[in-house]
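Visitor: model this:
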Amino acid sequence: VFLLALRWRDIRPGKSFSKVYSRSYLVALVVVVLFVGGVLTLIGTSAPLLTRVTGEASAVGLPYYFRTMTPVAVAVLVLLALFPSFRWNHGVTRPVLMAVGGGVGVMTAAVLLAAGVTSEPIYLLLFGGAVWALVANGYVLWSSWRKGSVQPAYLAHVGLALALVGAAVSAGFERKQMVNLPMGQEVQAMGYALTFAKTEQTVKGFDCHVEVVDGSERFTAVLPHEFPRNQEGVMKKPHVEKFAGHDVYVSPLALEESKGKDPGGMTLGKGESRQMEKYTVTFHDFDLGGHGGDDMTEAGALLTVAWDGGSEQVRPALQVRSGNNLSTVPAVFDGGRGTVQIAGVRPDDGSVMLSFAGEFVPAAADPSTLVIELSEKPLINLFWAGTIMLFGSGLWSMRERRRKRAVVDALGAGEDQSADQTGPVSAKISA
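Guide: The predicted structure is shown next:
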């Protein structure tokens, strides 16, 4: 804008051969609309700096972008829908296509309104404009493919329409709910059965495992909690489960540790035995495994787990890698019916703190609670499909440009060669 204002007097308008009802003006309008959208986005992202001048800094939320960017998306979709029906300089070249596409768009908005999907005018315009753009550009794309010369621009228009619809639907019709998950207890939310199954130590921190059941669909959401080096706090990562019509997001918010005693916990000195339900656990000694690969040091606890009819030697361990990254290696016993891992070590008396897991461990009176945000984003795959089409159309355009340039270069080389061959003949004739 500054450069435009600076050189405004130097810009001399020339005579235009394009009319208002032409592709040239549609392209210009798209540029203006995108410019307005960029300015509105800049204002939103700069809100903390702008509000700091008059008082306390504050940021805008998602409602601001919905109210400002949705009309921009509608305008872009309508212009994309009109584009195939016009000539570059003057006049309408496909009036039937414009009428049919517009009619299908109106019918789409009417069906969505009658079905109760939405009654918001802006969303009805968005979906109607998107269908109109898909019909118009899809028809031209299909026609060019039948003729053997696919036009990448129309593939980009179809991709942009799909991406805008996917982004609008996933954001505007998203369902989400905050859920508290006590460990080992099933909780119902948004039609899903959620169970906070366990926590598992990792090199960078720990993972929370949440089992999610939706009818016949079942998956386990693994939610990493990492402790970055030289930084405070915990980095939490969500789990995304993809389906054909929607994506399910399981986002960790907080882990409220149990204030009571761990029912699966046990502290043993060397040579000491204690009972854990039907199992008798004996701690013999520590086993230092020395240094392994990747600058790793391992220390294990030699245990005997005995029960009626059998006993087993197990060795849970702690591993320390470069950078003081600590991880636990649990041991399985009794055919997988139970696991044990080292929860800690007491250097003063040489005892080991163990944590058992399995159906035999009684439920905690005050279990740990994982707080998550469960959200469902419908038709988000349309956004990714449209983005891939946009990227593919760009690559296709580059390929076509190179192919046409190669043809032009070949023709130019042929003309030069022909001139070289006819040159001596012309000279003889002149002589």
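Visitor: what about the helices in the stretch 101-250 of the chain?
Guide: Defined through DSSP state H, counting those that start in this stretch, the helices belonging to the stretch 101-250 of the chain, from first to last, are 121-146, 152-172.
Visitor: could you check the angle helix 121-146 makes with the last one?
Guide: Taking axes from the mean of the first three to the mean of the last three C-alpha atoms, to 10 degrees, one finds that helix 152-172 is oriented at 150 degrees with respect to helix 121-146.
Visitor: can I get the helices of the stretch 101-250 of the chain in CSV with mean pLDDT, distance to residue 100 and mean neighbour count?
Guide: Any C-beta I mention is one placed from the backbone N, CA and C, and that applies to glycine too. What follows is the helices of the stretch 101-250 of the chain, written out as CSV (pLDDT from 0 to 100; distance: least, C-beta to C-beta, whole Å; neighbours: other C-beta atoms under 10 Å):
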stretch, mean pLDDT, distance to residue 100, mean neighbour count
helix 121-146, 91, 7, 20
helix 152-172, 88, 16, 22
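Visitor: which one of those helices lies closest to residue 385?
Guide: Residue 385 lies closest to helix 152-172 among the helices of the stretch 101-250 of the chain, at 5.6 Å (C-beta to C-beta).
Visitor: Bridge partners for residue 213, pull those for me.
Guide: On the basis of DSSP bridges, residue 213 takes part in beta bridges with residue 193, residue 218.
Visitor: That one touches residue 188, doesn't it?
Guide: No. Using C-beta atoms under 8 Å, residue 213 is not in contact with residue 188, being 10.0 Å away.
Visitor: More neighbours: which of those two?
Guide: Neighbours per residue (other C-beta atoms under 10 Å) separate residue 213 from residue 188, with residue 213 holding more: 14 against 10.
Visitor: Any figure for the gap between the more buried one and residue 199?
Guide: Taking C-beta to C-beta, to the nearest Å as the criterion, residue 213 is separated from residue 199 by 20 Å.
Visitor: so how far is the biggest strand by length in the chain from its chain's centroid?
Guide: The residue-count maximum for a strand in the chain (DSSP state E) belongs to strand 279-292. What separates the centre of strand 279-292 from the centre of its chain is 43 Å, taken as C-alpha atoms, centre = their mean, to the nearest Å.
Visitor: Let's test this: mean pLDDT of that strand, rounded?
Guide: Confidence for strand 279-292, expressed as mean pLDDT, is 81.
Visitor: Please put the alpha-carbon coordinates of that strand into CSV.
Guide: Extracted C-alpha coordinates of strand 279-292, given in CSV (Å, rounded to 0.1, in the frame of the first residue of the first chain):
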residue,chain,number,x,y,z
TYR,A,279,1.1,-62.8,44.4
THR,A,280,4.1,-63.0,46.8
VAL,A,281,6.8,-60.6,45.6
THR,A,282,10.5,-60.9,46.7
PHE,A,283,13.2,-58.4,46.0
HIS,A,284,16.7,-59.9,45.8
ASP,A,285,19.1,-57.2,44.5
PHE,A,286,19.8,-54.6,41.9
ASP,A,287,21.3,-55.7,38.6
LEU,A,288,23.4,-53.0,36.9
GLY,A,289,23.3,-53.7,33.2
GLY,A,290,26.2,-51.3,32.4
HIS,A,291,26.3,-49.2,29.2
GLY,A,292,24.4,-50.1,26.1
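Visitor: All set now, cheers.
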